[in-house]
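K.L.:
No letters, just coordinates:
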């Protein structure tokens, strides 16, 4: 294990929304869980010196740099945490793996299948040398989601018949919301599809243990031009000031506002997926329902401490969706937190993710989701994009194996 | 108006689940609403003499017959109410229209587009002679659904972006559930698609005022063989007894257990639809969510007295989905019922339907949904079936006009 | 059994809100349930000839009268259904019992304990002669409520620790709402307490099988004067027109707007009760939660098809409140209605009540709640009133037995 | 301001459940909010050297001590955070105030009114010297609760008619749950009443801006003897091992398991309160509903990111309880957290509390709730206890002023 004094010295690239969330998790994980190694918030990297210095001070990192190449190559860094937009994931992660660093990379893994294949291949190579890598599909670590997977794995749902997944937001419903990087294809790869659609693809495959084999998709960009952006924070942003008495300059939206698709899973289930940033009133509504021959489960990220479970093996007159408050000590990840009923929040999923990543590194295990898992999600995203481009024609998801086999 | 003494003498064909529901509505409508004409439960028709006699007595019909041709041709019948399985809708309704009777026909209008076209054409012809016809998409008359339409029509949702519709049941999840008529293509036309999918197609088009223009669909029959049936009641049924010490004889399921599709509406919205009888734990879960640029609405038939409305024009900090209990006197249809908060049930949608049908007949207005409206739903069902047959390829909904124009 | 040709000829006194609800139930019960006798809507009684004639025609009664004494004494009436305000319950019911008629009397049984004692005594006497009587606490017959009782009776909740009951409405929040009879002590006996508080007292005692032994209460009349009323319908009403250019005349509100009390039950539970007509936004929110050592149940009349059941004997990680849709064929009363998930409404509780009353009469059984049961509720109401009058001092509920023993 | 280099050096006494929660808050507050001073986790105190050393290391405190007198008197401590059981609050807080330290004291302020009066008096004296003190009613800082208060203060609810408050837990339903300190009067002062009842008393008074003037109460100890405890964590605990082959030794439960009371508020509202540890299935269910003449609000701590608001000034047909997701940037405290819909948890209420306390100290303002506010809550608790002791007789809440005036 490549730690010093039982410490894992983390270097994080990026300090915006994801950077803040990861910082909170790195800061907290050692204080809540008893782990074989402790994370140290060693180094943070960003392009703007003033801003990254400010971020280091505010978020509590020991030092900062403006050069990510320096960060991935320094001897005093054990773990590289990639929190940048998707267009730089591949370059940074590949360099970090090459330098022998453990890598945690935000999702989606990359902006293209090609990049993702290269990353998965590099991760497989690095793995042989004891280097760990993981993609940041943090919602797997929401206790209710982990519990869903356990219920399926234990056979409690029987044969899965239906998957019904939607990830709905509404932060760009206003046509005057500016053209932030998430709305630009060259930065973000895709729009709602890759940003939030990727989450429900990964989550449903993780929970069911099944893979999407084919899709038929429709995507749409409802608002095709938007004002150029000024500053941003989280998902909020301001419009660039007007010039010469005219309105703000406009730019082309180059990604999807929404993507919907039907799919088949390799276990025989039918599925519907929907990712949208135009679902007025839905703020962060990742909602999944899975119906099996013996039971069903329902999850909603806006009430992430709850899981609804329908057990069709109980007496008919007593069957119903049970609202389980997933806050008991014997629920996943919860023994370290508060007494039952004292709920946790969004950021805890990152803390749980860091816990598992640290444990994997410290014990020499392979963390999940691997880069290969994330490549498979990328291949689904790719199939969705191709289906939409081809007038919704049925499109099979390309196998990941050929690339990994290289 | 073809009534005697201000009465509309109703003849109903069929006395099973729909027959019972319609009887309750005909019995109640005059007692609750003050109408320009009163329905009289004059004649009920079924094939089995003993059973139809028993039904007439129990349900409160004046007389019975075993010959639907007699019923549609008698002078003392003003209205024919068709509650049979789909394979006899066309024949009975066409004969009734030809005989100058007003016709209420259960949904889906027919088992094939050809039949539906013929029925729509006959209805258009009859209309010229003052004969009214209507298709029984009763959920339009659930007060919360009617209110949804009003909100959309009043512009409260702005531009519609998303329609999310599912009609989920679970009554055939058990592979031992018998092969009732609803699972046979020659009787029912299709499975979940025509039975419950038709409802969400009609309802969403009604509410949004928009038509589905194209679909990409997947259908599935999860359980391909089932035991032959004994008796049935409502949606429940028993298996035919075993013969010669062997298990019950099996038959082929010839309809879909589930159908899922993505669609585009002519107003620019993206839509997902799902109809399934395999959604464990969902009993009668017709759920619709519509997102517009100014607001959203959510409806669930299992809580049919409630409507959730999100008004995005309110101050940001106060926005939220309002659970409106649609039981006020100024809500659609509710002035005749109980005080606010005293909820109504499933059957009331039929009572409201009868009210509107009686009023239309008595005042010489055209009731909706017309047979032409129902034909359009049939054309969507047809497009879904063709898309599924052609490997989910994008399939445009055929226009209804050509046929009606004949 | 005092029926003719297997008919029970019903005479109903009163035709307002309760009269309409009872009519719908009498009309429906024979059509839905297979019963040993059929109700015949024979005679309706009201003071105003024009109005009662109109009511008879609209609601479907064979005949009408303006003299309740005639009604209770006629030979062709078997059952007397008392739907008048509380101040005439005793007189009519006593006369009907004396005339040998079966009596269904709306709740609360009477306006005073003295009247209630007399009625219970008369019912006990009549019972010996085969005459049945019952008080109309219709909510006992909501399937979810009946199921709650069964769960408690089966020991599924263990030892009852807490009862938490509220019946909340808001129809008189507006100070300009007129002084209808329900706000006048001489007509209604009390306000929220007797009207809706009586329901939660009966319901919780019925469900738990325990009696309230003592209370400490506070009552309040928030709005002390109101305009005199014009007409009314259901719970809605209009204000009497102004006179001589002045506002409408005002009258004194002589009943409570709200009553709250803590109580002990004879099985050791602590309880809170609240009845209010000033709970803005709550239309008909009868909500009950019962906590026992092994489980809990929750019911809300605004969602009367649902029961939440928490079973603490299940594995900890799977415990949760199960939302049971009480619409299965094996749920109480539901086999006669629609398929699962097709919900029923408020009025069905009356249909179920009539079913049980008819069955009891036809089979010679004693229906519940008896007048003695209703007297006990009256004694609790009385204790609440006395406690409130005595500055919330702890007040024991008087035993019913002494009177009944007379 | 008694800080060094813009730091507030915190010394915390106690490291169990509350100590862990406070640590998480002190650790996070500087990282999330931009504050005029930064907290430094300087010193932690506990009686057991080994355990406090372990806690200091795990929770991230610079140093530890086993002597709270040392802690409160050290020059390098600016703030004393009292997280011990109630029986030591007064002694520690008084010493800290005497030493000129700002004091944050957990709730309830003390175990007796006498202690609370002394503390409030000392706080008033210290205030004159610029020393700040605050009681830890952290739920005031749940954003939805703060928003409730704003709605009331802005007149959005009109005249308050009803307060309906319950704090329900179930962690001691099992009679074998051991006799932890929270069940011992000499340590905890009271049971459910002081532990969780205090929260709803403070919260409802805070939100309404009204004071409870009198109460009528019932308390109960359902399980009177319990096994002596072994270890504990959070609210969980183990039983002490059996001795000599016999079961574990038993001890007397000396506090209430549940307390229920009705109350009047000085603005004219009626209120019901319930605090119980025997509400099976309710884990941390602090539920408050407030009804006013113009609107209502509902809050449930198990869904602490949500507020239900009913606005009776909207058009009747659109009125409904709006489920507001209190996660927008313009909601209280939320601008520093995640994008809308990304929920926060229980512990965030402490972070918000620390933010406000730091700001008050740094800017020389008086934080709330003050020790005087907390004394008033203590006086309500005292009135409840006295009423219960006197057979539920109406008991007025003693005024706080006399003592503070000393």
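P.N.:
Received, thanks. From a predicted model like this one, the values you see are computed outputs, not experimental measurements.

K.L.:
For the stretch 51-200 of chain A, which segments are assigned as helices?
P.N.:
Secondary structure of the stretch 51-200 of chain A (DSSP state H, counting those that start in this stretch): helices located at A:68-73, A:89-98, A:113-128, A:143-153, A:185-188, A:192, A:198-208.

K.L.:
in the stretch 301-406 of chain A, what residue is nearest chain D?
P.N.:
residue A:341 (2.6 Å; Cβ to the nearest Cβ). Yep, even glycine has a C-beta here, placed from its N, CA and C like the rest.

K.L.:
What helix or strand is that residue located in?
P.N.:
Here residue A:341 is covered by no helix or strand, with elements defined by DSSP states H and E.

K.L.:
what's the distance between it and chain C?
P.N.:
Distance of residue A:341 to chain C, given as Cβ to the nearest Cβ, to the nearest Å: 12 Å.

K.L.:
same deal with residue A:229?
P.N.:
Noted for residue A:229: a distance of 41 Å to chain C, by Cβ to the nearest Cβ.

K.L.:
Next up, the contacts around that residue.
P.N.:
Counting by Cβ atoms under 8 Å, 6 or more residues apart in numbering or on different chains, residue A:229 makes contact with A:178, A:179, A:180, A:237, A:238, A:239, A:240.

K.L.:
Looking at these, which is nearest chain C?
P.N.:
Distances from chain C to the contacts of residue A:229, taken by Cβ to the nearest Cβ, are shortest for residue A:237, at 36.4 Å.

K.L.:
Would you confirm that the closest one belongs to a strand?
P.N.:
Yes - Residue A:237: assigned to a strand according to DSSP: H, G, I helix; E, B strand; the rest coil.

K.L.:
which residues sit in contact with it?
P.N.:
Contacts here follow Cβ under 8 Å, 6+ apart; on that basis residue A:237 touches A:177, A:178, A:180, A:229, A:230, A:231.

K.L.:
Which of those fall in strands?
P.N.:
Residues of these located in strands (DSSP state E): A:229, A:230, A:231.

K.L.:
re the thing from before, these two touch, right, the residue of the stretch 301-406 of chain A closest to chain D and residue D:169?
P.N.:
Yes - at 7.0 Å, residue A:341 and residue D:169 qualify as touching, with contact defined as Cβ atoms under 8 Å.

K.L.:
what is in contact with those two at once?
P.N.:
Common neighbours of residue A:341 and residue D:169, using Cβ under 8 Å, 6+ apart, are D:282, D:283, D:284, D:285.

K.L.:
Can you read off the pLDDT for the closest residue to the first one other than its chain neighbours?
P.N.:
Nearest residue to residue D:282, sequence neighbours excluded (Cβ to Cβ, 6 or more residues apart in numbering or on different chains): residue D:168, at 3.6 Å. Among the per-residue scores, residue D:168 shows a pLDDT of 98.

K.L.:
is it true that residue D:168 touches residue D:287?
P.N.:
Yes - contact criterion Cβ under 8 Å: residue D:168 and residue D:287 qualify, at 7.3 Å.

K.L.:
Between those two, which is the more surrounded one?
P.N.:
More crowded of residue D:168 and residue D:287, by other Cβ atoms under 10 Å in any protein chain shown: residue D:168, with 29 against 18.

K.L.:
Tell me who's in contact with that one.
P.N.:
Residue D:168 makes contacts with C:291, D:274, D:275, D:276, D:279, D:282, D:285, D:286, D:287, as judged by Cβ under 8 Å, 6+ apart.

K.L.:
Would you mind listing what in the stretch 101-250 of chain A touches chain D?
P.N.:
Residues of the stretch 101-250 of chain A found near chain D (Cβ under 8 Å from any Cβ of the partner chain) are A:169, A:171, A:234, A:235, A:236.

K.L.:
What about residue A:131, how many residues nearby?
P.N.:
Using other Cβ under 10 Å, residue A:131 has 20 neighbouring residues.

K.L.:
For it, give me the backbone phi and psi.
P.N.:
With angles defined as degrees, to the nearest 10, residue A:131 sits at phi -90, psi 130.

K.L.:
does it really touch residue A:102, like I thought?
P.N.:
Yes - here residue A:131 reaches residue A:102: they are 5.9 Å apart, a contact under Cβ under 8 Å.

K.L.:
hmm, back to that, show me which of the ones in strands among the contacts of residue A:237 has the smallest pLDDT value.
P.N.:
Least confident by pLDDT among the ones in strands among the contacts of residue A:237: that is residue A:231, with 75.
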